[in-house]
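Peer 1: pasting a predicted model and its sequence here:
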Amino acid sequence: MGVGLAQDLLKQANHLATYEGDSPTQASLRRAVSTAYYALFHLLLEDASQRWQGSPEARHGLARAFGHGQMNEASLQFREATWQDWFGDLRQVPQEVRHVASAFVDFQESRHTADYDNHKIWTLQEVREVLDTAQAAFQDWQSIHTDPMAGNYLLAMLLKEQR
């Protein structure tokens, strides 16, 4: 896995939360949370598209086929200890995949709150926790991304239904 947009977004999220010191604005904290979500979103898209052996244009098209809602639905399944595979059998989900899937679900909810709930006041500590979880999710994905279950997770994010 190379350095790409996902890594840049994770760095940007950290910058947004810290560049104003100990009293960041709500705008910076909100953008940090939102950017952390998009960092994980793009990490998964980048990995999925790199698995495709087609042209760069085909990889771009594949990445564009992923939808936030379907990615959330798949993540809800893969954050559980077992997943019903393509043949209907229950399979163990590695802890690292479960952590990434849980982070995705949590981050999507946090992003919606950060972007749309103006009554929520974010604290620097809350945002640091989000960013720490994002860093851990990146590390977990790096350690497991070649596992077949990681591939199943990515495919489930793309497909609307299992057959």
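Peer 2: Good, I have the coordinates.
Peer 1: for the rest of this, base every contact and every neighbour count on C-alpha atoms.
Peer 2: Noted.
Peer 1: buried residues in the worst-scoring helix or strand of the chain on mean pLDDT?
Peer 2: Ranking every helix and strand in the chain by mean pLDDT, DSSP states H and E puts helix 56-64 at the bottom, with a mean of 83. For helix 56-64, burial by neighbour count (16 or more other C-alpha atoms under 10 Å) applies to 59-60, 62-63.
Peer 1: need those residues in JSON lines (columns: distance to Asn14).
Peer 2: Output for the buried residues of helix 56-64, formatted as JSON lines (distance: C-alpha to C-alpha, whole Å):
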{"residue": "Arg59", "distance to Asn14": "28"}
{"residue": "His60", "distance to Asn14": "27"}
{"residue": "Leu62", "distance to Asn14": "29"}
{"residue": "Ala63", "distance to Asn14": "25"}
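Peer 1: contact partners of stretch 129-143?
Peer 2: With C-alpha atoms under 8 Å, 6 or more residues apart in numbering as the test, stretch 129-143 has contacts from 1, 10, 13-14, 33, 36-37, 40, 43, 96-97, 99-100, 103, 107.
Peer 1: 7 Å instead?
Peer 2: Residues from elsewhere that reach stretch 129-143 (C-alpha atoms under 7 Å, 6 or more residues apart in numbering): 14, 33, 36, 96-97, 99-100, 103.
Peer 1: for it, buried residues please.
Peer 2: If you call a residue buried by 16+ other C-alpha under 10 Å, then stretch 129-143 has these buried ones: 130-131, 133-138, 140-141.
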